[in-house]
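> the following block contains a protein sequence and its predicted model.
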Amino acid sequence: MIDLINVSYDTQIPNNVGLSNDKRVLKALEKWHPGYINWWNDLIPQNFQKSMVYLRTAVSVDPKGWAKFDYVKMPEYRWGILLAPQVEGRVIPCGEHAGQPAWQEVPGEYRNMLKRLIVIQGDTEPGSVEQQRFLGLTAPSLYDMRNLFQVNVEEGRHLWAMVYLLQKYFGKDGREEADDLLVRSSGSEEAPRMLGAFNEETPDWLSFFMFTYFTDRDGKMQLESLAQSGFDPLSRTCRFMLTEEAHHMFVGETGVGRVIERTCQVMAENGIDDPFEIDRIRALGVIDLPTIQKKLNLHYTLSLDLFGQEVSTNAANAFNAGVKGRYMEHRLTDDHQLKGDTYPVWDFVDGKLIRHEVPALTAINMRLRDDYTRDAAGGVGRWNKIIEKSGIQFELKLPHESFHRQIGVFKGKAFDPDGNLLSGAEYDAQRDNWLPTRADGDFIQSLMKPCYEPGKFAGWIAPPKVGIDNKPGDFEYVKLHMA
Amino acid sequence: MNKPLKQHLIDPEICIRCYTCEMTCPVEAITHDDNNVVVDAEKCDFCMDCIPVCPTGSIDEWRVVETPYSLDEQFGWQELPAQAEIGSSSGVEALDDAMEALLAEAHKGAGGKSKAPATATKPTVNLYNLGKPATAKVTGNFRLTSGESGSDVRHIILDFGAQPMPVLEGQSIGIIPPGTDAEGKPHLPRLYSVSSPRDGERPNFNNLSLTVKREVQGLCSNYVCDLKIGDEVKVTGPFGATFLMPEDSAARMLMICTGTGSAPFRAFTMRRQRAQAGGSGDMIMFFGARTPDSLPYFGPLNKVPERLLKKHLVFSRIPGVDKEYVQDRMMVEQEAVANLLADPQTHIYICGLRGMEQGVELAFKNIAESTGLAWEATRDAMRDEGRYHVETY
C-alpha cells in the first residue's frame, strides 16, 4: 500500500505520491532533476551552498511531521513532492460542476486552462529565488540569512510541486513546459519570467521583506484560490504549499516590523520625535519611516497589478469551470455558482472613480484583490502599533488602489496615494514624495553590510522576539563555509 | 472547573494572523476576529497539531489559570497577560494530570518548586498522549550488567521512523504496557528517562535510548526488558520541563546518581561530547552501584575522557573492600564540591533511587556549612535559579 502521509525516501525524490510505483513520472522527474540542481548551483554564491543551514524539512504532511529542523547544505535539501492528504468524497466546490466528485485526472475540456494556470504559478517560484540570489552577501544576521534560505528552498520546492503536476498529468507538453521553467530567468532579455513583478531585482533586505510581505501574499492568495480547484491533485498540492507560504508571510511581516522597531528605538535614544527629520535619522544608520512608507507604496501597488484586470472573462471561465475557486470558497455560503450575483468593481466614469456592480462571475479578480487588501492591511496595523508604542506620531498606510498602477482600469492615469486624480505635471512634481527615489535606494544600499556573528544584528534592524524553532538568541542558524 | 488548569493561548504580539493553526485544528478550537487569533479553552484538547505548523512560535503559550480566559477577553488583547501566581502549579512539566503528578513526586526532593536552567532549550511536552500515542520500533536491547551481578539493566533503543519525537536530555517518555488492568482499563504509561541526546542515540537518526532495570514484579519493566528487535511499543511524551541541561557551554555540571539514575547523565554527557562545547564548563559525576559489573555503562563510561567528565565510580559491595556510597566520596572530594557550590555557573543534578536523597543532602549540608554557607538557603536559591534538580523514584 502507498503511504500517503509519510514521505518516502525510496527514490531519489522524496515524495508522498507513491513515485516508486509510477515509473513513467519517476523517469521524467529524474531526467528533470539534474537541470534543477544545475539551476540551483549556478544561482546562489558557492560559499552559501557549502554552508550548513538550519532548515526545516517536511517528513510528513500531517501537522506533526512537516517542520523538522536540522542543519543541511542547501544543494542537499530534500526537495520533494508533497501533497496534502486526499479528502474522501471531495467535490468540485464551485462553478457549473459544483457538487460533482472532484477530478482526479485532468478534464479534457479544461486541459489548456489548467496547464496555463500551473505554468504561471510555477514560473513565479524560481523567479523569486533568482531575484534574491545575492541577498546572502548582505544578510543583517545569521537568523535573517536562515530565513532567506528557508524561503528560497521552499520556493524551489514549490517549483517541484508544479513540475510534478505538469509531468504527471500533461504528457509531452507538460514535460516541455517543465523544461522551460528552468530556461526562463528573472530579468533576462531573451527569456524573462512571465509576470512583471518577478523580473524586478530585489536589491536590498528592506525590498526583500516588502516583497515577501506584499508580493508573496499575492502568491498566497493565488494558492488559496487554486487550493479550491476541482482538479484534486492541484488542490492538494496547493494546500500543502500554503503551510510553507505562511513562513514567507512571517519573514516579510516581522522583517518590516523589526526595521520599524529599530528606527523608532534609535529615534527615541537620540531624542528625535519628528519622523520627517530624515537626514538626522539617516545619519544614525536607520531607515526613516517616510522612506519605509515609500517602499510600501511601491511594493503594494506592484503586487496589486499581479491580480490582473478587475473585470475578466478568463477569471470567470476558470471559476465557472471549477478550476479555480475564491478565497475561502469552502467557508462562503452562497450558491458557489454566482448565478445572478453582482460585485462592486472600480471604474472610471466622467472623470470620477466609482464602484459599480457588475456580474460577480466576471469580478473574480477584483474580489480576490479585495481579500488581498484586507489581508495585507492587518500587518500594516500591527506595524503601526510598534510606532504607536514608541510615541512617535506617524502612521503607515496602504495607498489607494488607483495609485501607481500599470494594469487594469487605473492604468495610464495619475492618482495620488489618496486616490485623487492629478495631472501628469502635478504627479511628477510629487512623485519623489510617494515612491522611492534612486537616492533612497542608494541610502538603503549603503546600510547593507553583512553581519555574520551569531546573535548579532546589523544596526538598522531589531532582533526578533522569538528564535526559529525556539532557539536561543545567539544560536548559529547558519554555519558559514569559509573558503 | 474550580481547580487551576492549563490554558492554551496565542501571543498576539508575535502572531502574524496566517490562520494556519485555525485551518489545522481538528476540533475547530481556534478562531479569529479582525484583531486576534484565539483558542477556545472549552474545545482545545491539547492534541498539539497546531504547534509545529505555526511559522512564528506565537502558538506555544500556556497559562495556568483558575478560570480560563474567554474568547472575548482574548480578542481584546494587545499582548499576552503574564502568568498569575497560582499556588505552586505553574511549571508545566506535562499536560495530563497523571504524568504531571508523577513528575512532581519525582522532583519533590528538591525541596520546592523546580525550575529549568535559565539557558535550557524550551522543551516540547505531551506531543503524544494515551489517546494518541506514538509507535516506536525496537532496534536494540542490550544487557548492560553481567549475568552474575543479580541486576538486569537493559539499554533499549527505540526508533520513531517518521514520527517526530523532539526529546531533550533529561526528559522522560512514557511506555504503555500492553493489556489492561484489573478494571479492564488500559495501563497508564510508565515514565522512563531518556538516556540519549536530542539528536538521537545515533546522530541524526530519529531514535532514542532508555536505561531500564528489570524489577521482580514490575509489569512494565519486564515488558520492556523482554522486548525483541522489531517489536512495536506505544509511547507517550515527551515529559518534563525542568530537569534539563543548560545550553550555556560555560555552565558547570555536578551529577550524582545511582543505578539507572545515570540515564539522563549519559544524555547530558553525550550532548556535550557531540556539541564539543569547548570544555570551559566542567562536568563531574558521582555514580554509585553495588559492583562494577552492575554499574550500567561501566565500560563505555570509562572511555569518556576525564577532561570532559570527571568520574567518581563508587561501589558498595566489593568483597573485602569497605562499603562506599556516593555521599562518602563527596566528602572525600569536599574541596571540589565546595568550589562548585560557590560558583554561580554550577548546576547540580541528583537522580536515582529515593533512598539516596538523604545521604546526599547530608553531605551537601556538611560541605556547605564547613565553608560557612547555610545549606537550605543555598539549595533554595540554586533551585529558584534553575540550578538544583532532583529526580528520584
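In hand now; what should we look at?
> in the chain, where is pLDDT below threshold?
Went with chain A since none was named. Where chain A drops to pLDDT under 70, the residues are A:1-5, A:483.
> that's the wrong chain, I wanted chain B
B:1-4, B:85-91, B:277-280.
> residues in contact with the longest strand along it: which ones?
Using DSSP state E, we find that the single longest strand of chain B is strand B:134-143. If you take C-beta atoms under 8 Å, 6 or more residues apart in numbering or on different chains as the criterion, strand B:134-143 is touched by B:127-128, B:152-161, B:163, B:165, B:201, B:207, B:209, B:225, B:227-236. C-beta here means a position set from N, CA and C on the backbone, and glycine is covered the same way.
> which of the residues you listed are buried?
Those of the contacts of strand B:134-143 that meet the buried threshold are B:127-128, B:152-160, B:163, B:165, B:201, B:207, B:209, B:225, B:227, B:233-236, by 16 or more other C-beta atoms under 10 Å in any protein chain shown.
> might you report the residue contacts of residue A:170?
Here residue A:170 is in contact with A:106, A:111, A:115, A:118, A:177 (C-beta under 8 Å, 6+ apart).
> for chain A, what lies in contact range of chain B?
Chain A comes close to chain B at residues A:6-7, A:59-60, A:62-68, A:70, A:242-243, A:246-247, A:249-250, A:253-254, A:378-379, A:382, A:385, A:465-468, A:470-472, as judged by C-beta under 8 Å from any C-beta of the partner chain.
> in strands, which of these fall?
Per DSSP E, those map to strands at A:68, A:70.
> of the residues of chain A next to chain B, buried ones?
A:6-7, A:59-60, A:62-68, A:242-243, A:246-247, A:249-250, A:253-254, A:379, A:382, A:466-468, A:471.
> just to revisit the earlier point, show me the contacts of strand B:134-143 that map onto strands.
Among the contacts of strand B:134-143, DSSP E puts B:153-159, B:207, B:209, B:232-236 in strands.
> what is the nearest of those to residue A:86?
residue B:232 (26.2 Å; C-beta to C-beta).
> what's the closest of the ones in strands among the contacts of strand B:134-143 to residue B:46?
Distances from residue B:46 to these, taken by C-beta to C-beta, are shortest for residue B:236, at 12.1 Å.
> so which strand or helix has the residue nearest the centre of chain A?
With distances taken as C-alpha atoms, centre = their mean, chain A has residue A:216 as the residue nearest its mean C-alpha position (1.4 Å). Element membership of residue A:216, judged by DSSP states H and E, is helix A:216-226.
> what does that helix contact?
Residues outside helix A:216-226 that contact it (C-beta under 8 Å, 6+ apart) are A:117, A:121, A:124, A:128, A:197, A:234-235, A:238, A:241-242, A:245, A:248-249, A:252, A:303, A:306-307, A:324-329, A:368, A:371-372, A:375-376.
> selection in ChimeraX covering whichever of those residues are buried, please.
Selecting only the buried entries of those in ChimeraX, with 16+ other C-beta under 10 Å as the criterion:
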select /A:117,121,124,128,197,234,235,238,241,242,245,248,249,252,303,306,307,324,325,326,327,329,368,371,372,375,376
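> chain center to the longest helix along chain A: distance?
Secondary structure of chain A per DSSP state H: the longest helix is helix A:232-269. Averaging C-alpha positions (C-alpha atoms, centre = their mean, to the nearest Å) puts helix A:232-269 9 Å from its chain's average.
> I'd like to know which elements it is packed against.
Judged by 3 or more C-beta pairs under 8 Å, 6 or more residues apart in numbering or on different chains; DSSP states H and E, helix A:232-269 is in contact with helix A:111-131, helix A:142-169, helix A:205-210, helix A:216-226, helix A:278-283, helix A:289-305, helix A:364-390, helix B:20-24.
> now do the lengthiest helix in chain B: which elements does it pack against?
Identified as the longest helix of chain B according to DSSP H is helix B:356-370. If contacts are counted by 3+ C-beta pairs under 8 Å, 6+ apart, helix B:356-370 sits against strand B:252-258, helix B:326-332, helix B:334-341, strand B:346-352, helix B:375-384, strand B:388-392.
> ok, residues contacting it?
B:109, B:256, B:258, B:261, B:288, B:325-327, B:330-331, B:334, B:337-338, B:341, B:350, B:374-375, B:378-379, B:390, B:392.
> stretch B:42-56 too?
Taking contacts as C-beta under 8 Å, 6+ apart, the residues outside stretch B:42-56 that touch it are A:62-67, A:243, A:246-247, A:249-250, A:254, A:466, B:6-8, B:14-16, B:18, B:20-21, B:24-30, B:59-60, B:68, B:95-96, B:124, B:126-127, B:129, B:132, B:164.
> tell me how many other residues crowd residue A:432.
Residues lying near residue A:432 (other C-beta atoms under 10 Å in any protein chain shown) number 13.
> helix or strand for it, which one?
helix A:424-434.
> packing partners for that helix?
helix A:289-305, strand A:414-415.
> what residues of it count as buried?
A:427, A:434.
> now do stretch B:296-308
B:296-298, B:301, B:304.
> next one: stretch B:100-108
B:100, B:102-104, B:106-108.
> likewise for stretch A:335-344?
For stretch A:335-344, a neighbour-count test (16+ other C-beta under 10 Å) marks A:336-338, A:343 as buried.
> please apply the same query to stretch A:383-390.
So stretch A:383-390, judged by 16+ other C-beta under 10 Å, has buried residues A:383, A:386-387, A:390.
> what residues does stretch A:38-53 touch?
A:71-75, A:126, A:129-130, A:133-134, A:136-137, A:145-146, A:149-150, A:152, A:156, A:182, A:477-483.
> what angle sits between the helix holding residue A:216 and helix A:364-390?
For helix A:216-226 against helix A:364-390, the angle by axes from the mean of the first three to the mean of the last three C-alpha atoms, to 10 degrees is 140 degrees.
> chain center to helix A:216-226: distance?
On the basis of C-alpha atoms, centre = their mean, helix A:216-226 sits 8 Å off its chain's mean C-alpha point.
> quick check: the residue of the stretch 251-400 of chain A nearest chain B.
As assessed by C-beta to the nearest C-beta, chain B sits closest to residue A:253 within the stretch 251-400 of chain A, at 4.7 Å.
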